[in-house]
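Chemist: All I have is the shape, not the residue letters:
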């Protein structure tokens, strides 16, 4: 008989730095950690890849974490607020493909991306970044500046017509992007 092993992704949050104080673990998304932890200053990722957010309901600044220990992530990332929600990034096997557009609502110049791009302006000779995208395959991190710098956002398959609605600022453009790979140990 075949035996199958189930692999559970897990992240553990601790109220204090250096994995001290009350802790709570998650194996799936959590839109509001407040009922479980009074505060959160460190975390340990046992398996999987996760996005953590400094506001409830997967809002605010986003940070990508993978297997490892984050003893004082607030200092490490320069955060002023502790993590308030987290999202498990689903495993993806297969191709990665995203269409990016120079303007909102899939207008302007279009390029199809299948690998990491450290600078849209350099690779495609665009004068600035892109303002909408259609993620066809895979999970991606998009950055507001070239060379994977600045704030990041997580994108899963779907249509994103207007980044401004997502990030709550004026005309938002992204300048670099990378695939989320190698999360499953």
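Modeler: Now that the structure is in, tell me what you want to look at. All values reported here derive from a predicted model rather than from experimental measurement.

Chemist: Would you check that residue 83 makes contact with residue 52?
Modeler: Yes - under the criterion of Cβ atoms under 8 Å, residue 83 makes contact with residue 52 at 4.5 Å. For every residue, glycine as well, the C-beta is placed using N, CA and C.

Chemist: Would you mind listing the residues touching both of these two?
Modeler: With contacts defined as Cβ atoms under 8 Å, 6 or more residues apart in numbering, the residues adjacent to both residue 83 and residue 52 are 43, 63, 73.

Chemist: Adding neighbour count, distance to residue 183 and secondary structure, write these out as JSON lines.
Modeler: Formatted as JSON lines, the shared contacts of residue 83 and residue 52 follow (neighbours: other Cβ atoms under 10 Å; distance: Cβ to Cβ, whole Å; DSSP: H, G, I helix; E, B strand; the rest coil):
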{"residue": "43", "neighbour count": "24", "distance to residue 183": "15", "secondary structure": "strand"}
{"residue": "63", "neighbour count": "19", "distance to residue 183": "15", "secondary structure": "strand"}
{"residue": "73", "neighbour count": "21", "distance to residue 183": "18", "secondary structure": "helix"}
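
Chemist: Could you single out the nearest of those to residue 137?
Modeler: residue 63 (23.9 Å; Cβ to Cβ).

Chemist: Identify the residues contacting the closest one.
Modeler: Contacts of residue 63 by Cβ under 8 Å, 6+ apart are 51, 52, 53, 73, 77, 79, 83, 152.

Chemist: a strand runs through residue 22, doesn't it?
Modeler: Yes - looking at residue 22 with DSSP: H, G, I helix; E, B strand; the rest coil, it is inside a strand.

Chemist: Enumerate every residue touching it.
Modeler: 14, 15, 37, 38.
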